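*Asks:* requesting a structural model of the entry that follows:
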Amino acid sequence: MMVPELSFFGAAGTVTGSCYLLDCAGGRVLIDCGLFQGAKTVRELNYRPLPFDPKTISALILTHAHIDHSGLIPRLVKQGFTGPIYATSPTADLASVMLPDSGHIQESEVERLNRRNAQRGRPAVEPIYTKADAEASLRLFRGVDYCDWVQILPGLKARFWNAGHILGSASVELALEDHGRTPVTRLLFSGDIGPDNKLLHPDPDGPSDIDVLVMESTYGGRTRPVMTPDERRLSLGEEVLQALKRGGPLLIPSFAVERTQELLADLMTLMRDGAVPRVPIFLDSPLAIRATEIFAKHATLLDHDGVHSSWKESGILRFSETQEDSKAIDRLKGGFIVMAASGMCEAGRIRHHLKRFLWRKDATVLLSGYQAGGTLGAALLAGEPFVRIHGEEVAVHAAIRQTEAYSGHADGAELVQWALARRPVHRALYLTHGEPEALHALAHDLAAAGIEQGKIHIPSMDMTVPLAGRVTLPKPKAPRLSRPQEASGEDWRNEYARLALAIERRVAALPDAKERARAIAALRHTLDRLTT
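*Replies:* Reported below is the predicted structural model:
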């Protein structure tokens, strides 16, 4: 009889690319199929062959619509997957706008890259998938309700629990049966767990008495100050006031789904109450505009479901649908607010605004969420004096600020409490979706809180574990990342980009052409020694 196995093909040792494969007697099921984001070494995994044959996958279960959980679905379908995709109805609706938008971004970014490649004599590249590919994948989605059991395969059924992360987000419980008898293995995939006291959602929920728990650890070891909704709103108001005092624009890179809607709700309330000046707010994201309409459609699932009702009539909020609308913003003067994707500044219209305003001392950038290592957002947060955007060097003179008050993830203490509520965990607790420091910190805190240390494991990328017999963590046979540290944080390309910028500035600052020639000769000599 086949021993069921679980493989960790993403979000293992990193916070991105969520993808797990369950092999059982009834077939093969993916839980999530996310895009890798962050450092270029990690992003390159999106272009490499998938570690499984898409044609052999029977079904896919999607925890929520964020691209690091859903973004490779179009590629999966393009390469032969034809099975159903199970997700909550709000997740299916959000995917219907987010995946085509992701395909459009892939096409746009590759078009820009190929122009640079042509100038440099490099070969052209193809996008991971296109908007048309993404639209073709939508026909496979099957909307399900929270708490209802759904038969996925013979001997395998699933139930979705509200994870409190974004609209439609779920923790997924799987019941794996032995030839139709009483379930012998119960698995729970946490998905991304939301914090307590979130503006639009109830606190995260889930079952107890689990055999195998696969749990996210994004904010493992980190505790945020407890803030009421009023305190959080006032904190945002202070950031807005300080930004407007500088005399220039406030740029808020924001995830188009959930984070944007929460920030807009509080900004509009602050202006309505006179806590901050009434200045134009530009929502420069067609995706965020469409997502807001989906929020209205599913208002009954939300707390504070009337919070968006008066936005369009306010006279403050302005929607930028076209590229021409977006470019017009850059010609404005004085104080105003721009919200645009993406939240980590890795793609989308926010990069154009950053390129236009980062060098200005009167501008402010407010980072409103987690910044994965190797992203432009992480570089700004680290205080880099120069960054590259679209291949061009940009000086950073704008004020760089951050608020974690709007995080969509539970902090370390909330993660521990969520895990304790799932007890007993009979067999194993696998920590995923976190960078190494967070993973190990959460493992320590869980053990200190009473979960048996021998049951807590941190799998690496491409690892496969049996779901019966002894719990072991074997080494991957052929890992796609040659070094564990490549899975998280920055890679050599980030270091190289900083070095190249530093060399250019230092050489240019030398007093004369003779000194510059000597410096360049010394650099060439060092490179020659390294390559001989």
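
*Asks:* need the three-state assignment for the closest residue in space to residue 282 that isn't next to it in sequence.
*Replies:* The shortest distance from residue 282 to any non-neighbouring residue, by C-beta to C-beta, 6 or more residues apart in numbering, is to residue 338 (4.8 Å). (Each C-beta comes from the backbone N, C-alpha and C, glycine too.) Per DSSP: H, G, I helix; E, B strand; the rest coil, the local secondary structure of residue 338 is strand.

*Asks:* least confident secondary structure element in the chain?
*Replies:* Each helix and strand of the chain was given a mean pLDDT (mean pLDDT, DSSP states H and E); the minimum falls on helix 492-508 at a mean of 74.

*Asks:* give me the contacts around it.
*Replies:* With contact meaning C-beta atoms under 8 Å, 6 or more residues apart in numbering, helix 492-508 is reached by 39-41, 374, 379, 384, 386, 388, 393, 516, 519-520, 523.

*Asks:* now the buried members of the residues you listed.
*Replies:* 39, 41, 374, 379, 384, 386, 388 (16 or more other C-beta atoms under 10 Å).

*Asks:* farthest-separated two in the residues you listed?
*Replies:* The widest separation within those, taken as C-beta to C-beta, falls between 41 and 386 and amounts to 21.6 Å.

*Asks:* can you get me a residue count around residue 55?
*Replies:* 10 (other C-beta atoms under 10 Å).

*Asks:* which ones are touching it?
*Replies:* By C-beta under 8 Å, 6+ apart, the contact list for residue 55 reads 79, 80, 81, 82.

*Asks:* was I right to think the third one contacts residue 58?
*Replies:* Just to be clear, that refers to residue 81. No: counting by C-beta atoms under 8 Å, residue 81 does not reach residue 58; the two are 9.3 Å apart.

*Asks:* those two: which is more packed in?
*Replies:* Legend: neighbour count by other C-beta under 10 Å for residue 81 and residue 58, higher for residue 81 (24 against 19).

*Asks:* just the helices in the stretch 401-532 of the chain please.
*Replies:* 412-420, 436-448, 492-508, 513-531 (DSSP state H, counting those that start in this stretch).

*Asks:* any idea of the mean pLDDT in the first one?
*Replies:* Same thing as helix 412-420. In this model, helix 412-420 has a mean pLDDT of 96.

*Asks:* helix/strand/coil for residue 160?
*Replies:* Criterion first, three-state DSSP; result for residue 160: strand.

*Asks:* OK, contacts around it?
*Replies:* Residue 160 touches 88, 144, 145, 146, 147, 148, 150, 170, 171, 172, 173, counting by C-beta under 8 Å, 6+ apart.

*Asks:* I'd like to know which of those is nearest to residue 29.
*Replies:* residue 172 (10.3 Å).

*Asks:* which residue, other than its chain neighbours, is closest to the closest one?
*Replies:* That would be residue 189: by C-beta to C-beta, 6+ apart, it lies 4.7 Å from residue 172.

*Asks:* got the contact list for that neighbour?
*Replies:* Applying C-beta under 8 Å, 6+ apart, the residues near residue 189 are 20, 31, 32, 61, 63, 171, 172, 174, 214.

*Asks:* now render those as TSV, adding pLDDT, secondary structure and distance to residue 246.
*Replies:* Output for the contacts of residue 189, formatted as TSV (pLDDT from 0 to 100; DSSP: H, G, I helix; E, B strand; the rest coil; distance: C-beta to C-beta, whole Å):
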residue	pLDDT	secondary structure	distance to residue 246
20	98	strand	45
31	98	strand	45
32	98	coil	41
61	98	strand	47
63	98	coil	40
171	98	strand	42
172	98	strand	45
174	97	strand	51
214	98	strand	45
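
*Asks:* what's in contact with stretch 221-229?
*Replies:* Taking C-beta under 8 Å, 6+ apart as the rule, stretch 221-229 contacts 195, 197, 199, 235, 404-405, 407, 411-413, 437-438, 440-442, 444-445.

*Asks:* report the buried residues of it.
*Replies:* 221, 222, 224, 229.

*Asks:* tell me the two of these that are most distant?
*Replies:* Within those, 221 and 229 form the most distant pair, 25.6 Å apart (C-beta to C-beta).

*Asks:* let me see the contact set for the residue most central in space within the chain.
*Replies:* By C-alpha atoms, centre = their mean, the chain has its centre lying nearest to residue 68, at 4.9 Å. Neighbouring residues of residue 68 by C-beta under 8 Å, 6+ apart: 11, 15, 16, 17, 18, 34, 35, 36, 37.

*Asks:* quick one on the thing from earlier: reformat the contacts of helix 492-508 as TSV; add distance to residue 328 and pLDDT.
*Replies:* Output for these, formatted as TSV (distance: C-beta to C-beta, whole Å; pLDDT from 0 to 100):
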residue	distance to residue 328	pLDDT
39	34	75
40	32	78
41	37	81
374	32	76
379	28	90
384	29	92
386	27	92
388	25	89
393	25	89
516	41	83
519	44	79
520	43	82
523	43	82
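
*Asks:* wait, which of the residues you listed is closest to residue 252?
*Replies:* residue 379 (17.3 Å).

*Asks:* can you pull the contacts of the closest residue to the closest one other than its chain neighbours?
*Replies:* The shortest distance from residue 379 to any non-neighbouring residue, by C-beta to C-beta, 6+ apart, is to residue 387 (5.4 Å). For residue 387, the contacting residues are 358, 376, 379, 380, 393, 394, 396, by C-beta under 8 Å, 6+ apart.

*Asks:* please report phi then psi for the residue nearest to residue 172.
*Replies:* The phi/psi pair for residue 189 (degrees, to the nearest 10) reads phi -100, psi 120.

*Asks:* any idea what it is bridged to?
*Replies:* Note on residue 189: beta-bridge partners residue 172, residue 214, judged by DSSP bridges.

*Asks:* what does the pLDDT read for it?
*Replies:* For residue 189, the predicted pLDDT is 98.

*Asks:* the residue nearest to residue 282: neighbouring residues, count only.
*Replies:* Neighbours around residue 338, by other C-beta under 10 Å: 28.

*Asks:* any idea how far it lies from residue 148?
*Replies:* 41 Å (C-beta to C-beta, to the nearest Å).

*Asks:* with residue 300 instead?
*Replies:* 17 Å.

*Asks:* widest-spaced pair of the contacts of helix 492-508?
*Replies:* Spatially, the most separated pair among the contacts of helix 492-508 is 41 and 516, at 32.4 Å (C-beta to C-beta).

*Asks:* quick one: residue 255 is in a helix?
*Replies:* No: per three-state DSSP, residue 255 lies outside any helix segment and is coil.
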